[in-house]
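Q: need coordinates for the following:
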Amino acid sequence: MKVKSIFVNLPIKDLKRTRDFWTKLGFSFNEQFSDDKALCLVLNEGLIYSMLITHELFSTFTNRPISNGITTQVLTAIEVESKEQVDKIVKLALENGATRYRESADHGWMYYDCFADLDGHQWEIMFSDPTQMQQ
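A: Residues are numbered from 1 along each chain as shown. All right, here's what the predicted structure looks like:
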């Protein structure tokens, strides 16, 4: 079994604020899959996306209540190329309205930091170098 791509679907409250937030962090959107009810956040072109969907539209995909941003159901972890990039993304997120829910951690071979976005979704930004793992 091999997955062709992944789309993480997350409910959002404000489309414009969400677009501005992720743009300031240096990310882009696939406009072909974005409209006035959803944004397609490009995490890795051709492979990984996050569909950021207004509550109104998101509620048509599920019969369960939508998270209110104060509970945790999913931690979305993304790996980047360096520790410096981890710090840069988290710094930009915090400067643009995100909140910190846990301090960064450095395990030598893996470094990560975290933030909750404007809608309370938790993101872990990480860098790892498996060659530094102790046997």
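
Q: against residue 11, how distant is residue 62?
A: 9 Å (C-beta to C-beta, to the nearest Å). For glycine as for every other residue, the C-beta is placed from the backbone atoms N, C-alpha and C.

Q: name the residue in these two with the higher neighbour count.
A: Neighbours of residue 62 and residue 11, each counted by other C-beta atoms under 10 Å, are more numerous for residue 11; the result is 22 against 10.

Q: the more buried one looks like it's in a strand, true?
A: Yes - counting by DSSP: H, G, I helix; E, B strand; the rest coil, residue 11 is located in a strand.

Q: relative to the whole chain's centre, how far out is stretch 116-124?
A: Centre-to-centre, stretch 116-124 and its host chain are 7 Å apart (C-alpha atoms, centre = their mean, to the nearest Å).

Q: got it, and stretch 58-78?
A: Taking the mean of its C-alpha atoms, stretch 58-78 sits 13 Å from the chain's own mean (C-alpha atoms, centre = their mean).

Q: now the helices: where do they sit in this protein?
A: Using DSSP state H, the helices found in the chain span residues 15-24, 55-58, 83-95.

Q: dump those helices to CSV, plus distance to residue 116 and mean neighbour count.
A: Listed next are those as CSV, based on distance: least, C-beta to C-beta, whole Å; neighbours: other C-beta atoms under 10 Å:
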stretch, distance to residue 116, mean neighbour count
helix 15-24, 12, 16
helix 55-58, 17, 14
helix 83-95, 9, 16
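
Q: now render these as JSON lines, adding mean pLDDT.
A: Below are these laid out as JSON lines (pLDDT from 0 to 100):
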{"stretch": "helix 15-24", "mean pLDDT": "98"}
{"stretch": "helix 55-58", "mean pLDDT": "96"}
{"stretch": "helix 83-95", "mean pLDDT": "97"}
